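Student: coordinates only, sequence not included:
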């Protein structure tokens, strides 16, 4: 068996594909086990208002939400793919660590600072477990797909 050559481009492509598929899975998990009670604004809805400076139309909100959600998922997957090329321990636990790291970098730190979600200590159990479940699913699917795609494009 020959040793695989590291490649930023191949890692990014594999991670991007993994991140897109994982975003679809994360969306399904969030639908089945939503973090936010019905009627409570989502982080992306709050961010829409902060970026635009005014209330968006229903159509604009839908587009902004999908753009943020899918864009972040794809970008995080691509970054993870590159990281995996040069630091293989990042793939440990079949992507669970990646999903948990995303929770730590978003819902536990940057999103509360931006005022888009409550601080972790103010979140209820449902919010915390839903975010953990959906992000762990995202991490596991990203890693699984990344590994398969990376093998295929080697």
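Tutor: Noted; the coordinates are in hand. Only a predicted model underlies this, so the values are computations on that prediction, with no experimental measurement involved.
Student: Find the nearest non-adjacent residue to residue 136, please.
Tutor: The shortest distance from residue 136 to any non-neighbouring residue, by CB to CB, 6 or more residues apart in numbering, is to residue 99 (4.0 Å). All C-beta atoms are positioned from the backbone trio N, CA, C, and that covers glycine.
Student: I should have written residue 153 there, sorry.
Tutor: The shortest distance from residue 153 to any non-neighbouring residue, by CB to CB, 6+ apart, is to residue 10 (5.4 Å).
Student: mind checking which helix or strand that neighbour is in?
Tutor: Using DSSP states H and E, residue 10 sits within helix 8-32.
Student: Buried ones in that helix, by neighbour count?
Tutor: Buried residues in helix 8-32, counting neighbours by 16 or more other CB atoms under 10 Å, are found at 10-23, 25-27, 29-30.
Student: my guess is residue 78 meets residue 9, correct?
Tutor: No: using CB atoms under 8 Å as the test, residue 78 is too far from residue 9 to be in contact (10.3 Å).
Student: Check which helices and strands the helix holding residue 10 sits against.
Tutor: With contacts taken as 3 or more CB pairs under 8 Å, 6 or more residues apart in numbering; DSSP states H and E, helix 8-32 sits against helix 58-86, helix 125-152.
Student: That's all I had, so thanks and see you.
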